[in-house]
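Student: need coordinates for the following:
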Amino acid sequence: MSSESTDDPVFKALAHHRRREILDLLKDGPRTTGTLCEMFPQMDRCTVMQHLKVLEEADLVIARKEGRERWNHLNSLPIKHIYDRWISTYAGHALSILDRLKGDLEGQPE
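Tutor: Numbers count the residues shown, from 1 in each chain. Model prediction:
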């Protein structure tokens, strides 16, 4: 499978603001599904679970069952892969253009 097709579920998962909010909460540490549901009172439990399913399919969340509780853990490796593949490459290109522009502007007579 190409990198683009493996990245698609990650981009899909990150596209929704509620899923990004869930990931932001998980940055501080694992949380139970019940706790996450309580943190989004405007959504019913089923909707929160659907968002968690999308995050799991993108491998951004790893769920572990402990007794009756389901703990959700952040897996940031897919985001790092996106950064390495897309963002850092384009950021480096943008910085080189800005560096060239700065050099051109500094070389102009006033």
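Student: was I right about Met43 contacting His16?
Tutor: No - counting by CB atoms under 8 Å, Met43 stays clear of His16, with 11.7 Å between them. Where you see a C-beta, it was placed from the backbone N, CA and C, and this is true even at glycine.
Student: now Thr47. Its backbone dihedrals?
Tutor: Here is the backbone geometry of Thr47 (degrees, to the nearest 10): phi -70, psi -40.
Student: confidence score at it?
Tutor: Thr47 carries a pLDDT score of 98 in this model.
Student: go on, the one 10 residues further on?
Tutor: Per-residue confidence (pLDDT) for Glu57: 96.
Student: check contacts around it.
Tutor: Glu57 is in contact with 9, 13, counting by CB atoms under 8 Å, 6 or more residues apart in numbering.
Student: Pro30 now?
Tutor: Residues near Pro30 by CB under 8 Å, 6+ apart: 64, 71-74.
Student: so how far is Leu101 from it?
Tutor: To Leu101, Pro30 is 45 Å away according to CB to CB, to the nearest Å.
Student: pull the distance from the longest helix seen in the chain to the chain's centre.
Tutor: Longest helix of the chain, by residue count under DSSP state H: helix 88-107. Centroid separation between helix 88-107 and its chain, computed with CA atoms, centre = their mean, to the nearest Å, is 27 Å.
Student: show me where this structure has its strands.
Tutor: 31-32, 61-66, 69-74 (DSSP state E).
Student: would you agree Leu14 is in contact with Arg20?
Tutor: Yes - assessed by CB under 8 Å, Leu14 is found in contact with Arg20 at 6.2 Å.
Student: ok, the two, which is more surrounded?
Tutor: Leu14 (18 against 14; other CB atoms under 10 Å).
Student: pLDDT score assigned to the more buried one?
Tutor: According to the prediction, Leu14 has pLDDT 95.
Student: give me every residue that touches it.
Tutor: 20, 23, 58, 60, 79.
Student: ok, and what's touching stretch 88-103?
Tutor: For stretch 88-103, contacts defined as CB under 8 Å, 6+ apart pick out no residues.
Student: right, I'll call it a day here.
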